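K.L.:
just the structure for this:
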Amino acid sequence: MRRVLGLAVAAALAGSAAHAQVPIRPNLPSILVWTPQQQADWYKDIESVYRVETVKRGDKVHPLPLADRQIDFRYEYGGKTWSVDDYMKAYNVSGVIVLKDGKVLLERYGLGRKPEDRWTSFSVAKSVTSTLVGAAIQDGKIKSLNAPVTDYIPELKGSGYDGVTVRQLLMMSSGVKWNEDYTDPKSDVAQSTALPLEPGKNPLVTYMSRLPRAHTPGTMFNYNTGETDLVGILVSNAVGKSLSQYASEKLWKPYGMERDAIWMVDPAGHERGGCCLSITLRDYARVGQFILDGGVADGQQILPPGWTAEATTPQITSGTRERGYGYFWWMPDSGAFEARGIFGQSITVFRDERIVIVTNAAWPNATGRELSMARNAFLAAARAAANAM
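P.N.:
Residues are numbered from 1 along each chain as shown. The predicted structure is shown next:
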């Protein structure tokens, strides 16, 4: 997750992911406390652990050709000289891929992972969900980012979300009061992950509809896992399809993903908009390349013109040292834009340099300053090596 926003928030994200899913193994421990071996085994085989839906690929595959030369570099960090393999071993990295101009400069695997193995995304899924909002706008299913949320989730009428726009949800600036402290069992993020099923109702929507307004919408950033799931519900309601079906139709098939993805579902059978897609390393890179390509697939404009630039430009300050937050994309001070998930998942894109870097990992902790600093050092070195080609 983000570098400075705090361990409690990251833990909350992980907790939401862990407890809102449906385990299919008896006596399954929380995903937060899996051993290193369980992480290595199950992050790449999540369908053997939780209920999932499939995001189906199409008949064609978007090529990722090898560059004429591959990169293999060394760099300085923490008073030591590191190689790519050193970094991967020290930080439990299962996969790294670097693209420049759509060509593979580096592709490497660890922790027993193979190229065909998927790896769970944690909150990287949020950036995919926001991309589906853009697709729904292009399809005319969502009128605009300024449309009221209640147009698509009418159960929120009369609640703190009345008058909140789709854009404000994507900026995490609804103004609705939300406690994201996972260490507090009475926090919203804790309570919202253990909701009873209600016939004919979405329990998360019911819970969110009871939250009070704390700030004027659009004025304050407040990281809110529940709202990312609301966006998933909003998209599904708008298009009349599940998130998995729509992701297949608008991204996996037209852009030519190499393998089906899978998306964990909650007890009501809905994909969580904020978490838990499982994707191959090369397909993570294709997600980044799709955004870099402006949301165009095989000549077809999947996203509105200008959407990718807007979504990955700071829309609101996030209260950190970073440049800001877009539509479920982070803007670090390196000049990139990033999708991030706990335990070491990231898609980092340097637009002007046409570089995409993906890391998948099984960090020992959900997040941490040293873990993030080490990854940032690796990303900087990979970027420099790519630009030196």
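
K.L.:
residues contacting Pro65?
P.N.:
By C-beta atoms under 8 Å, 6 or more residues apart in numbering, the contact set of Pro65 is Gly102, Lys103, Val104. C-beta: built from backbone N, CA, C; applies to glycine.

K.L.:
go through stretch 28-43 and flag the buried ones.
P.N.:
Taking 16 or more other C-beta atoms under 10 Å as the neighbour-count basis, stretch 28-43 is seen to contain the buried residues Ile31, Leu32, Trp34, Gln39, Ala40, Asp41, Trp42, Tyr43.

K.L.:
mind putting the residues you listed into TSV with secondary structure and pLDDT?
P.N.:
Supplementary listing: the buried residues of stretch 28-43 in TSV, determined by DSSP: H, G, I helix; E, B strand; the rest coil; pLDDT from 0 to 100:
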residue	secondary structure	pLDDT
Ile31	helix	82
Leu32	helix	77
Trp34	coil	92
Gln39	helix	96
Ala40	helix	96
Asp41	helix	96
Trp42	helix	96
Tyr43	coil	97
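
K.L.:
circling back to that earlier point, in strands only, show me the contacts of Pro65.
P.N.:
Lys103, Val104 (DSSP state E).

K.L.:
closest one of the contacts of Pro65 to Lys114?
P.N.:
The nearest member of the contacts of Pro65 to Lys114, counting by C-beta to C-beta, is Val104 at 16.1 Å.

K.L.:
show me what the closest one bridges to in the sheet.
P.N.:
Leu66, Leu99 (DSSP bridges).

K.L.:
any idea how far it is from Ser187?
P.N.:
When distances are taken as C-beta to C-beta, to the nearest Å, Val104 and Ser187 turn out to be 43 Å apart.

K.L.:
try Gly112
P.N.:
Distance of Gly112 to Ser187, computed by C-beta to C-beta: 36 Å.

K.L.:
so for these two, which sits in the more crowded spot?
P.N.:
Neighbour count, other C-beta atoms under 10 Å: between Gly112 and Ser187, Ser187 has more, with 17 against 11.

K.L.:
might one say that that one is in contact with Thr193?
P.N.:
No - distance between Ser187 and Thr193: 10.0 Å, which falls outside the contact criterion (C-beta atoms under 8 Å).

K.L.:
residue nearest the centroid of this protein?
P.N.:
Among the residues of the chain, Val124 comes closest to the average C-alpha position under C-alpha atoms, centre = their mean, at 1.5 Å.

K.L.:
quick one, what contacts that residue?
P.N.:
For Val124, the contact set (C-beta under 8 Å, 6+ apart) comprises Leu277, Tyr284, Ala339, Arg340, Gly341, Gln345, Ser346, Ile347.

K.L.:
for the record, mean pLDDT for the lengthiest helix in the chain?
P.N.:
Ranked by residue count under DSSP state H, the longest helix found in the chain is helix 369-387. When the per-residue pLDDT values of helix 369-387 are averaged, the result is 98.

K.L.:
pull the CA atoms of that helix into CSV?
P.N.:
Taking Å, rounded to 0.1, in the frame of the first residue of the first chain, the C-alpha atoms of helix 369-387 are listed here in CSV:
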residue,chain,number,x,y,z
ARG,A,369,8.2,1.8,5.7
GLU,A,370,11.3,-0.3,5.1
LEU,A,371,9.4,-2.7,2.8
SER,A,372,8.1,0.3,0.7
MET,A,373,11.5,2.0,0.7
ALA,A,374,13.2,-1.2,-0.6
ARG,A,375,10.6,-1.5,-3.3
ASN,A,376,11.0,2.1,-4.3
ALA,A,377,14.8,1.7,-4.6
PHE,A,378,14.2,-1.4,-6.8
LEU,A,379,11.7,0.5,-9.0
ALA,A,380,14.1,3.4,-9.4
ALA,A,381,16.9,1.1,-10.4
ALA,A,382,14.7,-0.8,-12.9
ARG,A,383,13.5,2.5,-14.4
ALA,A,384,17.0,3.8,-14.8
ALA,A,385,18.1,0.5,-16.4
ALA,A,386,15.1,0.6,-18.8
ASN,A,387,15.9,4.2,-19.8
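
K.L.:
just checking, what packs against it?
P.N.:
Helix 369-387 sits against strand 74-77, strand 80-83, helix 84-90, strand 93-100, strand 103-109, strand 345-350, strand 355-361, with contacts defined as 3 or more C-beta pairs under 8 Å, 6 or more residues apart in numbering; DSSP states H and E.

K.L.:
now it: buried residues?
P.N.:
Residues of helix 369-387 classed as buried under the neighbour-count rule (16+ other C-beta under 10 Å) are 371-372, 374-379, 381-383, 385-386.

K.L.:
quick one on the thing from earlier: same list (the buried residues of stretch 28-43) but as TSV, adding distance to Trp263.
P.N.:
Written out in TSV, the entries for the buried residues of stretch 28-43 read as follows (distance: C-beta to C-beta, whole Å):
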residue	distance to Trp263
Ile31	15
Leu32	20
Trp34	20
Gln39	19
Ala40	21
Asp41	20
Trp42	16
Tyr43	15
